[in-house]
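Asker: Okay, predicted coordinates and the sequence, questions at the end:
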Amino acid sequence: MKKIIILLIIVIIALFLYGHYINVNNLKIYNYKIQAQNIPDSFKELKIVHFSDILYDKDEAKLDKIITTINNENADLVIFSGDLFNDRYSYKDDDLNYLKDEFKKIKASLYKFAVIGDNDLKFLNSYKDLLYESGFKLLDNENMLLFYKDNTPINIIGISDVNKIDDLLKTDVEVSHTIVITHEPDNAINLIKNGVNTILSGHSLGGIIKLPYLDGIIKKEGAKTYINSYYKENDTEIFISNGLGYEKFNYRLFNAPSINTYQFKK
C-alpha cells in the first residue's frame, strides 16, 4: 500500500510539472477540412487561420511565437475569436502599444476579422482601438459578404447576441455558405436552428484538462454543451479553438494551446 501511495504521489507531481511547464508551451497547429457541398468553387483554395483566447499575461516571448506561427501559415483570412485580454490583469499604455504592434504584424492576403470575448469587455475601448489600428475588422453583431476570385460570395458573420442572427443572415445577393464567428461556443445551440453552415468559436480552452476517454473536464459558462474541438449537428459544423492562454492558472493537461487552419472540401 505504501508503494502504491508513493507511486500515486509521483504520478500527480509529474502530471503537475508536465501541465504547468511543458504542455502550456507546446503550441500545436490543427488542420481541418470544412465539408461544404454548397461552397462556391472559387473558395476551395481559400485558407483560414483561426486563433483565440490569448488572455495576454505579459509574456512577450510567447506572443511573439504565436504571431510567427500564424504568419508561417500564409493565410488568406485570419480570424481571432476573442479574449485578447485577461481581466485578472491591468494593462498600461506600454502593454497596449506592444499588443498593437504585434497584431499589426499578423498577415492575411485578404482580411483579418475579430469578435469580442468576455474578458475583452473590461477593456472594450482599448480593444476596439487596437483592432482598428492593427488592421483587424471587428464584426460586432455584423456581417460582411466575402468575394474570392469571382462574383459569388459567402457570408461572414461575427456575433455575440444570437437574437440578431436573423437580420445578419439577410443579404442583398444570394449566398450559398455562411460562416459565423462567435466567442462562446454554446451560442451554437441557437445558431444551428437558423441553418448556419460553419461556426468558429473559442472560449472553452478545450476544457483545460483532458484525460483518456473523457472530454475536457473544466467547463466554463458559455461552453458547457460545446467544449471540444469539433462537432457536427445536422448540417452545421462547429470548430472550437483550444485557445492559447489561461485565465486563472497556467496549466493544461493533454490539451496543448493551438491554432486552427481550415480549407474547404466538397
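Answerer: Noted; the coordinates are in hand.
Asker: Could you use CA atoms for every contact and neighbour count after this?
Answerer: Will do.
Asker: Can you give me the pLDDT of the nearest residue to residue 43 once chain neighbours are set aside?
Answerer: For residue 43, the nearest residue in space outside its immediate sequence neighbours is residue 148; the separation is 6.3 Å by Cα to Cα, 6 or more residues apart in numbering. With respect to pLDDT, residue 148 has a value of 91.
Asker: List the buried residues for stretch 33-50?
Answerer: Neighbour-count burial for stretch 33-50 flags 34-36, 39-40, 43, 47-50 (criterion: 16 or more other Cα atoms under 10 Å).
Asker: Which ones among these lie within strands?
Answerer: Secondary structure defined by DSSP state E assigns 34-35, 47-50 of these to strands.
Asker: circling back: surely the residue nearest to residue 43 is in contact with residue 41?
Answerer: No. The criterion here is Cα atoms under 8 Å, and residue 148 misses it with residue 41 at 9.7 Å.
Asker: What segments of the stretch 1-150 of the chain are helices?
Answerer: Counting by DSSP state H, counting those that start in this stretch, residue ranges of the helices within the stretch 1-150 of the chain are 2-17, 60-72, 93-105, 124-133.
Asker: For residue 215, which of these is the nearest?
Answerer: Shortest distance between residue 215 and the helices of the stretch 1-150 of the chain, using Cα to Cα, is found for helix 2-17: 17.4 Å.
Asker: What average pLDDT does the closest one get?
Answerer: Looking at helix 2-17 alone, the average pLDDT works out to 71.
Asker: how about the most centrally placed residue in the chain, phi and psi?
Answerer: Centroid-nearest residue in the chain, with Cα atoms, centre = their mean: residue 52, separated by 3.3 Å. In this entry, residue 52 is assigned phi and psi values of phi -160, psi 160 (degrees, to the nearest 10).
Asker: That one is in contact with residue 241, isn't it?
Answerer: Yes. Residue 52 is within contact range of residue 241, at 6.2 Å (criterion: Cα under 8 Å).
Asker: which residues do those two both contact?
Answerer: 201-203, 259 (Cα atoms under 8 Å, 6 or more residues apart in numbering).
Asker: What about those, which are in strands?
Answerer: Of the positions in these, 201, 259 sit in strands, assigned by DSSP E.
Asker: I'd like the shared contacts of residue 52 and residue 241 written out as a markdown table, with neighbour count, pLDDT and distance to residue 142 added.
Answerer: As requested, the shared contacts of residue 52 and residue 241 are exported to a markdown table (neighbours: other Cα atoms under 10 Å; pLDDT from 0 to 100; distance: Cα to Cα, whole Å):
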| residue | neighbour count | pLDDT | distance to residue 142 |
| --- | --- | --- | --- |
| 201 | 33 | 98 | 16 |
| 202 | 31 | 97 | 18 |
| 203 | 28 | 96 | 20 |
| 259 | 21 | 97 | 24 |
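Asker: any idea which of the shared contacts of residue 52 and residue 241 is closest to residue 160?
Answerer: In terms of Cα to Cα, no member of those lies closer to residue 160 than residue 201, at 10.9 Å.
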